[in-house]
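K.L.:
Have a look at this fold, sequence not included:
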C-alpha cells in the first residue's frame with residue numbers, strides 16, 4: 001500500500017467522524033465495547049438495513065452517511081423523532097447500541113452547569129444592529145468584507161485584542177460552522193448537530209436546538225415583519241427553519257434526492273427562497289472496492305423559505321449515470337457522476353442569477369460541468385451559462401490503488417469556495433472572482449462567464465490551492481493558498497508549493513503582496529502544518545486569517561505586515577464548563593462585529609490538529 005493510499009484511508013476515517021472525542025485537552029481513548037458493537041450490529045442487520053442501504057430508493061440515509069452523524073442525534077430520532085415508530089420494538093439498550101455501532105462513538109452524557117445559561121431575549125435594536133452578520137460571506141455577494149462601522153476594529157486598535165471568553169463544543173474534534181450575529185446574540189452550529197444561541201458578550205447559552213447531523217456550514221437568518229428566522233442545513237441535507245425568538249422548529253425538509261446526498265456548504269436565503277448546495281458522500285463510499293461507483297450528481301435545491309416546499313432542483317450532471325465499464329474486480333463502473341457543489345451559492349440579484357462552483361467527476365466519462373462555475377436562474381434553476389476551468393478531472397477517494405479509482409486519474413482541483421461578486425469601480429462593472437484548488441484565481445464576467453484575468457498563486461492539488469475562500473475590499477482580492485505538501489498536483493514539477501496569503505489587484509489580477517505562514521516544528525507541536533487553508537475576512541486596513549498551525553493573525557492590507565496574532569493551541573477554561581482545547585484553524589473565516597472577533601479552533605481532518613473551541617476576542621475600550 002502506498003503512503004498516499006494510507007493517507008487517503010486516514011481521510012476516510014476522519015470524514016466519517018470516527019474520531020475519538022476530545023477530553024482533558026487531548027484525544028481520549030473512549031472506545032465502544034465489543035459487546036455493544038455486537039448488539040448494535042445485530043439490531044441494525046435485523047431492523048434497519050432493509051431501508052438504510054446503499055442504492056435504496058426511499059431516501060433513507062445509507063449506512064455510510066449515518067456513520068457521519070452524532071450518536072445523540074440518531075438516538076433522538078429513534079426516541080422522539082421521525083424514526084420513533086420504527087424503533088418502538090427496540091429496547092433502550094438496543095437503541096443505544098445501534099447508534100454507537102453506526103457511529104463508532106460512545107454515548108457520552110454531557111453535564112452543562114447552570115451558570116452556562118442565561119435568559120434569551122431579543123430586541124428591535126438587536127435586529128437592526130448595523131454590525132449584524134449572516135451567511136457565509138456576510139452578504140449576498142459573498143465578499144467577506146466588513147466596514148469600520150460594522151467591525152469596530154482598526155489598524156490602530158487591533159493589537160489590543162484580548163480573549164474575552166471561550167466556549168467548548170462537547171466531545172467535538174472539528175469546529176467549522178460559521179456564526180451569525182444578531183445584536184447581543186451569536187448563533188452557531190456544531191459537529192454533532194447542536195445549534196446554540198450564545199450571548200456574544202459572555203458566551204452563555206440562551207437556547208439550544210438539536211439537528212439530526214453535523215452542521216458544517218454557516219447560519220443564515222432573515223428578519224421579515226415579525227418573523228426572525230434562522231436557516232441552516234445538516235450533513236444529511238436536512239434543511240431547517242428555526243424561530244430565533246424561541247429556538248423552536250418551524251419546518252424541516254430533506255433537500256437531497258440521492259441516498260448519499262450531503263451538505264458541506266452553507267445555505268443562502270433570498271427573496272423568499274432557500275438555496276441549498278448539494279454534494280455526495282459517495283466520494284467516500286468509493287473506499288469500498290465492492291461499491292458500484294458512482295451515480296450521484298452535485299446540485300442545488302431551492303425551497304420555499306416559509307414552508308420548506310420544494311420549488312426547483314438543479315443537477316450539475318443532467319444525464320443519469322449508466323454502466324460505463326468494468327472494474328478489475330469484475331464490478332460495474334457507473335458514470336458520469338460527481339461534480340459536487342461543496343460551497344455556498346452566491347446571489348446576483350441584479351441579473352437574477354445564482355452562482356455555484358462545482359467539483360471533480362467521480363468517474364468517467366468526464367463532463368464539461370465538473371470543476372466549473374455555473375450561473376442559474378434564481379426563480380427556475382435553469383442553467384444560464386457554464387464555464388469549465390479544468391477538463392477531465394476524474395477522481396474519488398478510492399484513488400490511487402482501489403478498483404473504484406478512475407483511469408486516467410485527475411488531480412482533484414475542484415472549486416471549494418463560494419464565488420465572490422464585487423464591483424470594479426475603475427472599470428465600472430461587476431466581476432465574479434473565484435479561487436480554485438488548482439492554485440489559480442479566476443475573474444469572470446458575471447453575465448457570461450467570459451474570462452477577464454487568471455492568476456496562479458500556488459501549485460495546487462487535492463490539498464493545494466484555494467480551499468475555503470477569499471475576500472475583497474473592492475480594491476484587492478485576498479486569497480488563502482493552502483499548498484499542503486501531503487497532496488499536491490505532481491503534473492508540473494516546475495511549480496513549487498507556495499502556501500500563504502496573497503493580495504491581488506482586482507482589475508488585473510496582478511500580485512501586490514504575499515506572506516508565507518511561519519514554519520512549524522513537529523518536535524514542538526505535533527501535527528503542525530505550514531499552510532493557510534481557511535477563508536479570510538477583510539476590514540479596512542486589516543485581513544484576518546487563521547492557519548493550520550493554530551494561529552490567527554491580523555495582516556495589514558497595505559503590505560501583509562502582521563499587526564496582531566494569537567496562538568489558539570492551548571487548553572481553556574470555558575464558559576460552559578466543558579474541557580476545551582484549540583487546534584488547527586480551517587474552514588470559515590473569523591467573524592468580526594462591534595469590536596469583537598470570533599474564531600473557530602480545531603479541525604481533526606487531513607492530519608490537522610483537533611480542537612473544540614469557539615474563541616471571542618475584544619479590543620480594549622479607548
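P.N.:
Nice, thanks for sending it over. Keep in mind the model is a prediction, meaning the values are calculated, not measured.

K.L.:
Tell me where the stretch 151-300 of the chain has strands.
P.N.:
162-168, 180-182, 185-189, 194-199, 205-210, 220-224, 227-233, 238-243, 248-254, 261-262, 268-270, 273-280, 299-304 (DSSP state E, counting those that start in this stretch).

K.L.:
wait, which of the ones you listed is closest to residue 473?
P.N.:
Nearest of the strands of the stretch 151-300 of the chain to residue 473, taken as CB to CB: strand 180-182 at 19.7 Å. Where C-beta positions appear, they are placed from N, C-alpha and C, glycine not excepted.

K.L.:
what does the closest one contact?
P.N.:
122, 126-127, 129, 131-135, 186-188, 200, 218-221, 228, 230, 244, 591, 593-594, 598 (CB atoms under 8 Å, 6 or more residues apart in numbering).

K.L.:
From start to finish, how long is stretch 498-514 in a straight line?
P.N.:
10 Å (CA to CA, to the nearest Å).

K.L.:
Stretch 599-618 now?
P.N.:
The first and final residues of stretch 599-618 sit 12 Å from each other (CA to CA).

K.L.:
What's the mean pLDDT across it?
P.N.:
Per-residue pLDDT values across stretch 599-618 average out to 94.

K.L.:
distance between that stretch and the chain's centre?
P.N.:
13 Å (CA atoms, centre = their mean, to the nearest Å).

K.L.:
Now it: buried residues?
P.N.:
Under the neighbour-count criterion of 16 or more other CB atoms under 10 Å, stretch 599-618 has 599-618 buried.

K.L.:
returning to what we had before: what subset of the contacts of strand 180-182 is buried?
P.N.:
Buried subset of the contacts of strand 180-182 (neighbour count, 16+ other CB under 10 Å): 122, 126, 129, 131-135, 186-188, 200, 218-221, 228, 230, 244, 591, 593-594, 598.

K.L.:
I'd like the distance between the closest residue to residue 245 other than its chain neighbours and residue 178.
P.N.:
Sequence neighbours aside, residue 228 is the residue nearest to residue 245 in space, at 5.7 Å (criterion: CB to CB, 6 or more residues apart in numbering). To residue 178, residue 228 is 19 Å away according to CB to CB, to the nearest Å.

K.L.:
now residue 124
P.N.:
The gap separating residue 124 from residue 178 is 25 Å, by CB to CB.

K.L.:
And the two? Which one has more around it.
P.N.:
residue 178 (28 against 9; other CB atoms under 10 Å).

K.L.:
from what I can see that one touches residue 219, true?
P.N.:
Yes: with contact defined as CB atoms under 8 Å, residue 178 counts as touching residue 219 (7.0 Å).

K.L.:
Spit out the residues that contact the two alike.
P.N.:
residue 188.

K.L.:
pLDDT of stretch 441-455, averaged?
P.N.:
Stretch 441-455 comes out at a mean pLDDT of 98.

K.L.:
and if you look at stretch 530-539?
P.N.:
Stretch 530-539 carries an average pLDDT of 96.

K.L.:
what about that stretch, how long is it end to end?
P.N.:
Using CA to CA, the end-to-end distance of stretch 530-539 comes out at 25 Å.

K.L.:
How far off centre is that stretch?
P.N.:
Using CA atoms, centre = their mean, the offset of stretch 530-539 from its chain centre is 14 Å.

K.L.:
Kindly report the same for stretch 139-150.
P.N.:
For stretch 139-150 - counting by CA atoms, centre = their mean - the centre lies 19 Å from the chain centre.

K.L.:
Next, the distance between the ends of that stretch.
P.N.:
End-to-end for stretch 139-150, by CA to CA: 13 Å.

K.L.:
Mind listing what's buried along it?
P.N.:
Buried, per 16+ other CB under 10 Å, within stretch 139-150: 139-146, 150.

K.L.:
quick one: which of these is nearest residue 293?
P.N.:
Scanning these for proximity to residue 293, where the rule is CB to CB, the winner is residue 142, at 32.0 Å.

K.L.:
and that closest one, what is it in contact with?
P.N.:
Residues in contact with residue 142 (CB under 8 Å, 6+ apart) are 135-136, 344, 346, 418-421, 469.

K.L.:
Just to be sure, it is in a strand?
P.N.:
No: using DSSP: H, G, I helix; E, B strand; the rest coil, the assignment for residue 142 is coil, not a strand.

K.L.:
Give me the ChimeraX select line for the contacts of residue 142, limited to the buried ones.
P.N.:
Buried residues within those, by 16+ other CB under 10 Å, are selected in ChimeraX with:
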select :135,136,344,346,418,419,420,421,469
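
K.L.:
for the contacts of residue 142, which one is nearest residue 204?
P.N.:
Nearest to residue 204, judged by CB to CB, of the contacts of residue 142 is residue 135 at 24.3 Å.

K.L.:
ok, the closest one touching residue 343?
P.N.:
No: using CB under 8 Å, residue 135 makes no contact with residue 343, being 11.9 Å away.

K.L.:
Overlap in contacts, those two.
P.N.:
Common contact partners of residue 135 and residue 343 (CB under 8 Å, 6+ apart): residue 266.

K.L.:
Which parts of this structure belong to which domain?
P.N.:
31-103, 118-618 (automatic domain parsing).

K.L.:
How far off centre is the last one?
P.N.:
In other words, domain 118-618. With CA atoms, centre = their mean, you get 5 Å for domain 118-618.

K.L.:
okay, how far is it across it, tip to tip?
P.N.:
So domain 118-618: terminal residues 21 Å apart, CA to CA.

K.L.:
Out of the domains of the chain, which is closest to residue 110?
P.N.:
Here domain 118-618 is closest among these (CB to CB), at 4.2 Å.

K.L.:
Low-confidence bits of this structure, can you list those?
P.N.:
1-30, 54-60, 65, 68-70, 73, 76, 79-82, 84-85, 622 (pLDDT under 70).

K.L.:
give me that answer again for 50
P.N.:
1-29 (pLDDT under 50).

K.L.:
need the contact list for residue 329.
P.N.:
Applying CB under 8 Å, 6+ apart, we find residue 329 in contact with 289-290, 403.

K.L.:
What strand or helix carries it?
P.N.:
Under DSSP states H and E, no helix or strand contains residue 329.

K.L.:
measure it to residue 397 for me?
P.N.:
From residue 329 to residue 397 the distance is 17 Å (CB to CB).

K.L.:
do the same with residue 62
P.N.:
16 Å.

K.L.:
same thing with residue 502?
P.N.:
Counting by CB to CB, the separation of residue 502 from residue 397 is 29 Å.

K.L.:
again with residue 273
P.N.:
From residue 273 to residue 397 the distance is 33 Å (CB to CB).

K.L.:
The two: who's more crowded?
P.N.:
Neighbours per residue (other CB under 10 Å) separate residue 273 from residue 397, with residue 397 holding more: 21 against 18.

K.L.:
Helix or strand: which one has that one?
P.N.:
Per DSSP H and E: nothing holds residue 397, as it lies in no helix or strand.

K.L.:
ok so residue 101 is a helix residue?
P.N.:
Yes: assessed by three-state DSSP, residue 101 belongs to a helix.

K.L.:
tally of neighbours for residue 154?
P.N.:
14.

K.L.:
from what I can see it touches residue 541, true?
P.N.:
Yes: applying CB under 8 Å, one finds residue 154 in contact with residue 541, separated by 6.5 Å.

K.L.:
just to revisit the earlier point, so which of the domains of the chain is the most surrounded?
P.N.:
domain 118-618 (a mean of 21; mean count of other CB atoms under 10 Å).

K.L.:
show me what contacts the nearest residue to residue 529 once chain neighbours are set aside?
P.N.:
Spatial nearest neighbour of residue 529, excluding adjacent residues (CB to CB, 6+ apart): residue 548 at 4.0 Å. The contact partners of residue 548, by CB under 8 Å, 6+ apart, come to 484, 528-533, 584-586, 603, 608-609.

K.L.:
let's see it at 10 Å
P.N.:
482, 484, 499, 517, 520, 527-534, 583-586, 603, 606-609 (CB atoms under 10 Å, 6 or more residues apart in numbering).
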